[in-house]
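S.K.: quick check, what structure comes out for this input:
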Amino acid sequence: MKRTYEGPPAGTGAVYAWNGNDKVGAGRMTLTGSRPGERITIKLDFLRPFASTNVTEFIFTLEGGRTVVTWTMVGRKNLVGKAFGLFANKDKMIGGDFEKGLVNLRSVSEAAARM
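M.R.: Below you'll find the predicted structure:
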């Protein structure tokens, strides 16, 4: 998989793009908003195998001395996407990636807190 970065190295306007085989497809993520300790908003464009645009948010809420992370992704489905959604087990397809991402987020956050 080829990965590229554009724009500023961090913050609003930073872009991460990927282009790979049929399993990973191609797309790009653009950081569109950030409020430290509260929220991160990303425009997520899938280019291949199915084109779609989504808004992804990470919302951070303090609860009992811990930070609860809510990770959402919202977008419109075209006819092909709707048909695919009826038959595909999305949890099986991407659930592991979400879990891995949350574990990585926790590791990085806890390491930063120890510094």
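S.K.: quick one, domains of this protein?
M.R.: The record assigns the chain these domain ranges, following automatic domain parsing: 1-76, 77-115.
S.K.: pick the most buried one from the ones you listed.
M.R.: domain 1-76 (a mean of 13; mean count of other CB atoms under 10 Å). The C-beta positions use only the backbone N, C-alpha and C, and glycine is treated the same way.
S.K.: tell me the mean pLDDT for that domain?
M.R.: Per-residue pLDDT over domain 1-76 has a mean of 91.
S.K.: quick check: end-to-end length of it?
M.R.: With CA to CA, to the nearest Å as the measure, domain 1-76 spans 26 Å from end to end.
S.K.: which ones are touching the residue positioned nearest the centre of the chain?
M.R.: Among the residues of the chain, the one closest to the centroid is residue 56, at 5.8 Å (CA atoms, centre = their mean). By CB atoms under 8 Å, 6 or more residues apart in numbering, the residues touching residue 56 are 29, 41, 42, 43, 44, 71, 72, 73, 74.
S.K.: dump those residues to JSON lines, plus secondary structure.
M.R.: Formatted as JSON lines, the contacts of residue 56 follow (DSSP: H, G, I helix; E, B strand; the rest coil):
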{"residue": "29", "secondary structure": "strand"}
{"residue": "41", "secondary structure": "strand"}
{"residue": "42", "secondary structure": "strand"}
{"residue": "43", "secondary structure": "strand"}
{"residue": "44", "secondary structure": "strand"}
{"residue": "71", "secondary structure": "strand"}
{"residue": "72", "secondary structure": "strand"}
{"residue": "73", "secondary structure": "strand"}
{"residue": "74", "secondary structure": "strand"}
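S.K.: let's have those residues in a markdown table, adding distance to residue 106.
M.R.: Converted to a markdown table, the contacts of residue 56 look like this (distance: CB to CB, whole Å):
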| residue | distance to residue 106 |
| --- | --- |
| 29 | 20 |
| 41 | 20 |
| 42 | 19 |
| 43 | 24 |
| 44 | 21 |
| 71 | 12 |
| 72 | 18 |
| 73 | 19 |
| 74 | 23 |
